[in-house]
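**Student:** 3D model of this:
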Amino acid sequence: ALRERLQQCGYEGKLPEIQIVDQLPELISGSKSRAPFMLPHILDALFMEIDTSRNGSISLDEFTDFCNKVGLFSKNQEEIRQIFDAADGHTARNRSLDTVEFKKLILDSGIVEVRGESLRTAAADAYFLEEKVVDTVLKWWLARYDTNKDGGIDINEYARLLVDYSLPFSCSPASFARYDKNGNGIIEVQELRFILEEAHVLATGTAIARKDDAEGMRTAWRALEASQVFLPVANAWKYGGTAELPQQRLGTVRFVCISDTHGQHEALTGKLPKGDVLLHAGDFSMCGELQEVKTFGSWLEAQPFDLKVVIPGNHDLTFDSAYEAHEDPNIAEKARTTLAATGGQQVVLLEDDEVTYRGLRIYGSAWQPAFGSWAFNLPRGHQLAERWRAVPEGIDILLVHGPPLGRGDRCHPGEGRVGCADLLVEIQDRIKPFFCVSGHVHEDPSASFDGVTHYLNATSSNEDYSCE
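**Tutor:** Numbers count the residues shown, from 1 in each chain. Next up is the predicted model:
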């Protein structure tokens, strides 16, 4: 009937072959009661893989052997033992983990996570697995569907998989053949992985322990990292030591960027390279006391730049008029007046404002994700995102104290990330400046380039607050 109707409409092209399936292969009544492979099964699979003695508990030797085999947790045997002992909840250490202790360890370590509903399936959860345990888990996952024990998933078992996870694929022989990479009539472990990843039921990567990701930034970065571009830095240079800067090209503007001097700005006297504009990304003091502001302003006044642009940082408490600990309600105005009086006419303090130099627009903002009881704190989410949405388009230089997520925001120990995801999104989707200059994170002075924006963490202090 379809062919006749198309011909009546004048269509003379070749019609595709259409396969109508009234019933999935071997899908009998009542079979839907069989639960798919879900979080409890994933955890059980890992437990059974490690419990080689099959006595219902995992010994230190079994745990260590598995960690060494797949490279999990650490290469250091003492560190593995400490992780094991910390998970062993028995009052008298019996050097064994029961199922509850083991599963808590795996979940707390971020080795297995439930990621909520899959983006492409209607009924199933999506899962994250630490890359080092993926093959182990998938071996058990495949075995759940390999009912005839031939070492793989045949087309009938494949149909059951599609139903269990509401996968958006056809159960036709042609669809099955697409995933049967080896052409042997069964889907094996790596082919199953491809199916689950393509349907967004499974994601893999490096585990992030819950204790190391209280604000979710490492998890957010894991989701964003694949979309990020890191190209060779083209128009920024690190100055100091034996490094030499290229000669400034005629008609260009050279910016010298510093940050987090914390009252030790004198250590930079005579060490700054020549340039047109000095940018300071905040934390020029330890607590923002007026005397600190005065000495910093006097130092700024002596620096030979046409323009000196400054924003406050979280340590520059007196500049935040909303800071709750202020006893003097006028302290913020006094701090600004002090900087202006001592810094000279070339100093511009930017607080959610901009200045133009030789046609280049420079915008500065001190706000950052809440950090301790310091100044210019805003909670992650709506309030902070609103600040970044207020940055005008067409800005050439964006001067902020806290870095965007993934760009100069790595902390030690543990290499946690503290940057702002909303700031990164605004920069890459809308503002698109030539440069984003920040500080705040002393452990990660760095430069990166995404093809549009250079990101500079210009911190001048190390972890011990020594200005270098």
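**Student:** could you list the low-confidence segments of the stretch 1-150 of the chain?
**Tutor:** Per-residue confidence of the stretch 1-150 of the chain (counting by pLDDT under 70) places the weak regions at 1-35, 90-94, 115-125.
**Student:** do that again at 50, thanks
**Tutor:** Counting by pLDDT under 50, the stretch 1-150 of the chain contains low-confidence residues at 18-34, 117-123.
**Student:** show me where it has its helices.
**Tutor:** 2-8, 39-50, 60-70, 77-87, 99-108, 134-145 (DSSP state H, counting those that start in this stretch).
**Student:** can you list contacts of the second one?
**Tutor:** Right, the one you point to is helix 39-50. With contacts defined as C-beta atoms under 8 Å, 6 or more residues apart in numbering, helix 39-50 is touched by 35, 54, 58, 62-63, 66, 99, 102-103, 106-107, 111-112, 114, 125, 127, 129, 133, 136-137, 139-141, 144. Where you see a C-beta, it was placed from the backbone N, CA and C, and this is true even at glycine.
**Student:** let's see 10 Å
**Tutor:** Contacting residues not belonging to helix 39-50 are listed as 35, 37, 54, 56-59, 62-67, 69-70, 72, 97-99, 102-104, 106-107, 111-114, 125, 127, 129, 133, 136-141, 143-144 [C-beta atoms under 10 Å, 6 or more residues apart in numbering].
**Student:** and the angle from that helix to helix 134-145?
**Tutor:** Angle of helix 39-50 versus helix 134-145, following axes from the mean of the first three to the mean of the last three C-alpha atoms, to 10 degrees, is 110 degrees.
**Student:** could you list the buried residues of helix 39-50?
**Tutor:** 42-43, 45-47, 49-50 (16 or more other C-beta atoms under 10 Å).
**Student:** again, but for the fourth one
**Tutor:** Within helix 77-87, the residues scored as buried using 16+ other C-beta under 10 Å are 80, 83-84, 87.
**Student:** can I get that helix in PDB, CA atoms only?
**Tutor:** In PDB, the C-alpha atoms belonging to helix 77-87 read as follows (Å, rounded to 0.1, in the frame of the first residue of the first chain):
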ATOM      1  CA  GLN A  77      51.500  -1.200  49.100                       C
ATOM      2  CA  GLU A  78      51.300   0.800  52.400                       C
ATOM      3  CA  GLU A  79      48.800   3.200  51.000                       C
ATOM      4  CA  ILE A  80      46.600   0.300  49.800                       C
ATOM      5  CA  ARG A  81      46.800  -1.200  53.300                       C
ATOM      6  CA  GLN A  82      45.800   2.100  54.900                       C
ATOM      7  CA  ILE A  83      42.800   2.400  52.500                       C
ATOM      8  CA  PHE A  84      41.800  -1.200  53.400                       C
ATOM      9  CA  ASP A  85      42.100  -0.600  57.200                       C
ATOM     10  CA  ALA A  86      40.100   2.700  57.000                       C
ATOM     11  CA  ALA A  87      37.300   0.700  55.300                       C
END
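**Student:** quick one: distance of it to the chain centre.
**Tutor:** What separates the centre of helix 77-87 from the centre of its chain is 27 Å, taken as C-alpha atoms, centre = their mean, to the nearest Å.
**Student:** which elements pack onto it?
**Tutor:** Identification of packing neighbours for helix 77-87 by 3 or more C-beta pairs under 10 Å, 6 or more residues apart in numbering; DSSP states H and E yields strand 58-59, helix 60-70, strand 96-97, helix 99-108.
**Student:** redo those as CSV? Include distance to K308.
**Tutor:** Output for the helices and strands packed on helix 77-87, formatted as CSV (distance: least, C-beta to C-beta, whole Å):
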stretch, distance to K308
strand 58-59, 62
helix 60-70, 54
strand 96-97, 60
helix 99-108, 48
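**Student:** return the set of buried residues in stretch 183-191.
**Tutor:** Within stretch 183-191, the residues scored as buried using 16+ other C-beta under 10 Å are 186-189, 191.
**Student:** stretch 384-395 too?
**Tutor:** 384-385, 387-388, 391, 395.
**Student:** brilliant, that's me finished.
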